[in-house]
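> Kindly generate the corresponding structure for this input.
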Amino acid sequence: EVMRGGIVESRHRGAFAVVDAKDHVVAAEGGIAAAVFPRSAIKAFQCLAVVESGAADRFGFTPEEIALACSSHNGEPEHVRVARAMLAKAGNGEELYECGAHWPIEENAHHALVHDGQPCRAVHNNCSGKHAAMLALARQLGADPQDYVKPDHPVQRAIAATIGRICGCDLEAQAMGVDGCSVPTWAIPIRNMALGFARFADPENAAALRIIEAVRQYPFMVAGTRRFDTELMTALPLVFVKTGAEGVYCGCIPHAGLGIALKCDDGAGRAAEVAMASVLSSLDVWTPEEKQ
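Purely as a prediction, here's the structure:
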């Protein structure tokens, strides 16, 4: 609820699930069997396919670069620097990007480009780190990078297999759409998304642990200045959280073995951030200092 003048001005409804790796629901509200598009909230799963393929090792991706592969970043200079480094390491160029261009999300970075008379480029796209990783995956698979965003491309088939496996969901039976950056996105039940993140937090999952540690080390790469993801993970490195468009949030608490997924019905990001903070604080997995 959004209050003004002592009364409720707006209301947001949604659903959330907190699940452990055995698919036991620890906490939930709303219709958690409903399939929703996770959008960017599961970029870590897309990155998992890259790491498991051996591409991250082959091209020497650093923790900073792995963190950017999971990001919806602001397009700040540091984000652009790292994306370009990822492209170069795999022998790719910006001309191969198929994510499209948009202005940096962060206002100062946007204004700096305008001030210098520079256009926005695909590398400023908030998904450019993910796409640099996908292009590296194409090289690792020996596939033509052209059309790497298409559902039938080896890159997207490998990613779909990874997502379906970790979420325990047959993606071929689910609705498929096109995400804002041109790659496929599959509708997944909220409970299954939470299960996926619980499995992602498994300490025996070496590839996932590598991603989690990278994000813990470089939370700025996942979002940027004045962004909820970065600020929360900087203040509380014990969690991994990631926003998705249209009011989706997912994450995990590795030390507790829990995965979390939520969706605000009206797609409101402001509500999703508050909801994620509320769900996290409600769980009995923190010390008093951490909970504060």
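> Which strand or helix spans residue 177?
Assigned by DSSP states H and E, residue 177 belongs to strand 176-178.
> What lies in contact with that strand?
37, 151, 184, 185, 186, 187 (CB atoms under 8 Å, 6 or more residues apart in numbering). In short, each C-beta sits where N, CA and C put it, glycine included.
> in its sheet, what does that strand sit against?
Here strand 176-178 is paired, per DSSP bridges, with strand 184-186 (antiparallel).
> what about the strand it pairs with, distance to the chain center?
Relative to the chain's own centre, strand 184-186 is displaced by 13 Å; criterion: CA atoms, centre = their mean, to the nearest Å.
> same check, this time on stretch 13-21
Worked out by CA atoms, centre = their mean, stretch 13-21 lies 17 Å from the chain centre.
> again, but for stretch 93-106
Averaging C-alpha positions (CA atoms, centre = their mean) puts stretch 93-106 17 Å from its chain's average.
> mind checking the end-to-end distance for it?
Stretch 93-106 has its terminal residues 24 Å apart, counting by CA to CA, to the nearest Å.
> Which of the residues in it are classified as buried?
By 16 or more other CB atoms under 10 Å, the buried positions in stretch 93-106 come out as 96, 97, 98, 99, 102, 103, 104, 105, 106.
> who's in contact with the first one?
If I follow you right, that is residue 96. Contacts for residue 96 (CB under 8 Å, 6+ apart) come out as 87, 135, 145, 146, 148.
> Pick out the most distant pair among those residues.
87 and 146 (15.2 Å; CB to CB).
> Those two: which is more packed in?
Using other CB atoms under 10 Å as the criterion, residue 87 and residue 146 rank with residue 87 on top: 23 against 11.
> Not counting its own residues, what contacts the host helix or strand of the more buried one?
Here residue 87 is covered by helix 77-89, with elements defined by DSSP H and E. Helix 77-89 is contacted by residues 59-61, 64-65, 68-69, 71, 73, 93-94, 96, 109, 123-124, 128-129, 132-133, 135-136, 220-221, 224 when judged by CB under 8 Å, 6+ apart.
> Stretch 131-143 too?
For stretch 131-143, contacts defined as CB under 8 Å, 6+ apart pick out 46-47, 49-50, 53-56, 58-59, 61, 68-69, 83, 86-87, 89-92, 96-99, 122, 125, 144-145, 148-149, 153-155, 158-159, 181, 183.
> and with 7 Å instead?
The contact list for stretch 131-143, computed with CB atoms under 7 Å, 6 or more residues apart in numbering, reads 47, 49-50, 53-55, 58-59, 69, 83, 86-87, 90-92, 96-97, 99, 145, 148, 153-155, 158, 181.
> picking that back up, out of the contacts of strand 176-178, which is most surrounded?
For the contacts of strand 176-178, neighbours tallied by other CB under 10 Å; top is residue 186, 24 neighbours.
> I am finished for the moment; much appreciated.
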